[in-house]
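Asks: Structure for this input, please:
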Amino acid sequence: MGQKLKITGWVAAGAFAGALTTVSLQTVARGSLAPLPLEELQQLAAVFGMVKSDYVEPVDEKKLISDAISGMVAGLDPHSQYFDKKSFKEFKEGTSGRFVGVGIEISQEDGLVKVVSPIEGSPAFRAGLKPNDLITKIDDTAVRGLTLNEAVKRMRGEANTKVQLTIFRKDENRTFPVTITREEIRTQSVRGKMIEPGYGWIRLSQFQERTVDDFVKKVEELYKADPNLKGMVLDLRNDPGGLLDAAVAISAAFLPENVTVVTTDGQLPESKSIYKASPEYYQRRSGSDPLRGLPAGLKSVPLVVLVNEGSASASEIVAGALQDHKRATVMGSQTFGKGSVQTVRPLGPDTGLKITTARYYTPSGTSIQARGIVPNVMVDDSAEGSPYAILRMREADLDKHLASGQGPEDKNPEREKAREEARKRLEAEALKPAQDRKVPEFGTDKDFPLLQALAQLKGQPVLVSKTQVERKEEKKEN
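Replies: Have a look, this model is predicted:
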């Protein structure tokens, strides 16, 4: 069972990362509070006192209060969260695209950490780490048995400190140590290239502070390589989301000025908003319009948006806006379904509260929450189908998920049976050499959905999925 869970977690990592929320940052505290339930607060105080006086060993008062706040917020939905000092720092690093570490994109394979790619120019890149290298030890700690997050935390640290990684390089059949000095890393959330003459591919892996600027640079590179682009693929597969203003900006890059990108609705007056394809909705206070220099052809170039179950939050905003305005053909699998807004409010200099304040709606008024974006053209992960897609978590699978607020929900009792069958297939697949596995790396010449997107742009036949159907929102279990 342990191996099954590891494998399932590995496949689900991209999709479950949909819990990475699209956020707006607010520093203004609420001006007024609702009347407090005094009887319940007295109970809370009584429990606090009993734990403090009667528990088997002394407890830390600050930790008790922090845990109480965490429990209260965690009971709301999967995306509301109390940030203590450490987690608040990590959250801000995640949205800025900056952190201190060695500079590698990683996944998990057979209980070890696998290098997907070293970030260009990073300490790991300069140390000669290569894709498919396996990390077996971090300093003196064996990697097998650690979660991916635990491994990441051990590789991160203070700038200018050293970490020793033990590497197993399969194609050379050797194990060797590498000592790397940590430094500040700027992650690259945008990749792109010409797939073939006349057709460009841009992949967004996350919506961060630097994503829009990096997107603009990549678009300019593609148009410099071919000023007469015939088509473009915007790849949002396994993009877990990020910052709302970045999502609005990427949508605005392709849409006519001032059309609606996304609307929000919640309990607070400021949660009832309309975001449009106009600089005032995405431009940061200190800067000018980051899209001002984009080639004019980007507004009309034929466009395909690739999505899958791992496309969440900000990616769903972009896909939904481009789909509703008929600016792009959305292809792939139904998306994650994280259509809720989280607002981050500082509670002091180094703690904060991330709380769900609204739902997202596409320009046509459709709720994204627990439903996601249904592609115009359903396409499988490979020519053989999508044998492992059932393992990917979606918003509707998460405990305490927020309902869409629109229409009835359906429950599929066969899902767990299908997941068990898929786990067994994945276990067998994981034993094969990387080049023989059915689902290759995004952007390669064997990337089946990308090849279908290219066929769509050329007006050629597309191998549409024969098995995928729209997945309705599931009933919440009380």
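Asks: Tell me how many other residues crowd Tyr281.
Replies: Here the count is done by other Cβ atoms under 10 Å, and Tyr281 has 20 residues near it. Heads up, the C-betas are built off the backbone N, CA and C, glycines and all.
Asks: That one contacts Ala247, doesn't it?
Replies: No. Between Tyr281 and Ala247 there is no contact under Cβ atoms under 8 Å: 10.4 Å.
Asks: Now the common contact residues for those two.
Replies: By Cβ atoms under 8 Å, 6 or more residues apart in numbering, Tyr281 and Ala247 have these common neighbours: Val261.
Asks: Outline the domain layout of this structure.
Replies: Following automatic domain parsing, one gets these domains for the chain: 99-186, 190-458.
Asks: what about the first one, how long is it end to end?
Replies: In this case it means domain 99-186. End-to-end distance of domain 99-186 (Cα to Cα, to the nearest Å): 7 Å.
Asks: Which stretch among the domains of the chain is buried most, on average?
Replies: domain 190-458 (a mean of 19; mean count of other Cβ atoms under 10 Å).
Asks: what is the mean pLDDT for that one?
Replies: In this model, domain 190-458 has an average pLDDT of 88.
Asks: and that domain, how far apart are its ends?
Replies: Between the opening and closing residues of domain 190-458 lies a distance of 24 Å (Cα to Cα).
Asks: State the helix or strand in which Ala253 lies.
Replies: Using DSSP states H and E, Ala253 falls within helix 244-254.
Asks: Tell me the helices and strands packed up against that helix.
Replies: strand 23-25, helix 211-225, strand 260-265, strand 273-276, helix 314-324 (3 or more Cβ pairs under 8 Å, 6 or more residues apart in numbering; DSSP states H and E).
Asks: Can you tell me the SS state at Glu57?
Replies: Using DSSP: H, G, I helix; E, B strand; the rest coil, the structure places Glu57 in coil.
Asks: quick one: it and Ser288, what's the gap?
Replies: To Ser288, Glu57 is 58 Å away according to Cβ to Cβ, to the nearest Å.
Asks: what mean pLDDT does stretch 105-117 have?
Replies: Mean per-residue pLDDT for stretch 105-117: 77.
Asks: Convert it to CSV, retaining C-alpha atoms only.
Replies: The C-alpha trace of stretch 105-117 is given here as CSV (Å, rounded to 0.1, in the frame of the first residue of the first chain):
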residue,chain,number,x,y,z
GLU,A,105,12.6,21.4,-10.6
ILE,A,106,11.9,18.0,-9.1
SER,A,107,9.4,15.1,-9.0
GLN,A,108,9.4,11.8,-7.2
GLU,A,109,10.3,8.4,-8.6
ASP,A,110,10.5,5.1,-6.8
GLY,A,111,10.6,6.9,-3.5
LEU,A,112,13.6,9.1,-4.6
VAL,A,113,13.7,12.7,-5.7
LYS,A,114,14.1,13.0,-9.5
VAL,A,115,15.6,16.0,-11.2
VAL,A,116,13.1,17.1,-13.8
SER,A,117,15.3,20.1,-14.9
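Asks: count of residues packed around Gln188?
Replies: 20.
Asks: picking that back up, tell me which of the helices and strands packed on helix 244-254 lies nearest to Pro461.
Replies: Pro461 sits nearest to helix 314-324 of all those, at 21.6 Å, using Cβ to Cβ.
Asks: Please name every helix or strand in contact with the closest one.
Replies: In terms of contacts (3+ Cβ pairs under 8 Å, 6+ apart), helix 314-324 is packed against helix 244-254, strand 260-265, strand 303-307, strand 329-332.
Asks: quick one: that helix to strand 303-307, angle?
Replies: In terms of direction (axes from the mean of the first three to the mean of the last three Cα atoms, to 10 degrees), helix 314-324 departs from strand 303-307 by 140 degrees.
Asks: Using PDB, write out every CA atom in helix 314-324.
Replies: What follows is helix 314-324, C-alpha atoms only, in PDB (Å, rounded to 0.1, in the frame of the first residue of the first chain):
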ATOM      1  CA  ALA A 314      -5.600  31.300 -12.400                       C
ATOM      2  CA  SER A 315      -5.200  28.900 -15.300                       C
ATOM      3  CA  GLU A 316      -8.900  28.200 -15.300                       C
ATOM      4  CA  ILE A 317      -9.600  32.000 -15.300                       C
ATOM      5  CA  VAL A 318      -7.500  32.400 -18.400                       C
ATOM      6  CA  ALA A 319      -8.900  29.300 -20.200                       C
ATOM      7  CA  GLY A 320     -12.500  30.300 -19.300                       C
ATOM      8  CA  ALA A 321     -12.100  33.900 -20.500                       C
ATOM      9  CA  LEU A 322     -10.500  32.900 -23.800                       C
ATOM     10  CA  GLN A 323     -13.100  30.100 -24.300                       C
ATOM     11  CA  ASP A 324     -16.200  32.300 -23.500                       C
END
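Asks: Work out the gap between that helix and the centre of the chain.
Replies: Put simply, helix 314-324 sits 14 Å off its chain's centre (Cα atoms, centre = their mean, to the nearest Å).
Asks: what angle separates that helix from helix 244-254?
Replies: 30 degrees.
Asks: now helix 314-324 and strand 260-265, what's the angle there?
Replies: Between the axes of helix 314-324 and strand 260-265, defined by the same axes, to 10 degrees, the angle is 120 degrees.
Asks: quick one on the thing from earlier: so which of the domains of the chain gets nearest Ser465?
Replies: Across the domains of the chain, closest to Ser465 is domain 190-458 (Cβ to Cβ), at 4.2 Å.
Asks: which outside residues touch the helix holding Ala253?
Replies: Residues contacting helix 244-254 (Cβ under 8 Å, 6+ apart): 22-24, 204, 207-209, 211-212, 215-216, 219, 234, 241, 261-262, 275-279, 281-282, 284, 290-291, 294, 298-299, 303, 313-315, 317-318, 321-322, 327-328, 341.
Asks: Arg156 versus the nearest residue to Arg186 once chain neighbours are set aside, what's the distance?
Replies: Using Cβ to Cβ, 6 or more residues apart in numbering and skipping residues adjacent in sequence, the residue nearest Arg186 is Arg98, 5.6 Å away. Distance, Arg98 to Arg156, by Cβ to Cβ: 12 Å.
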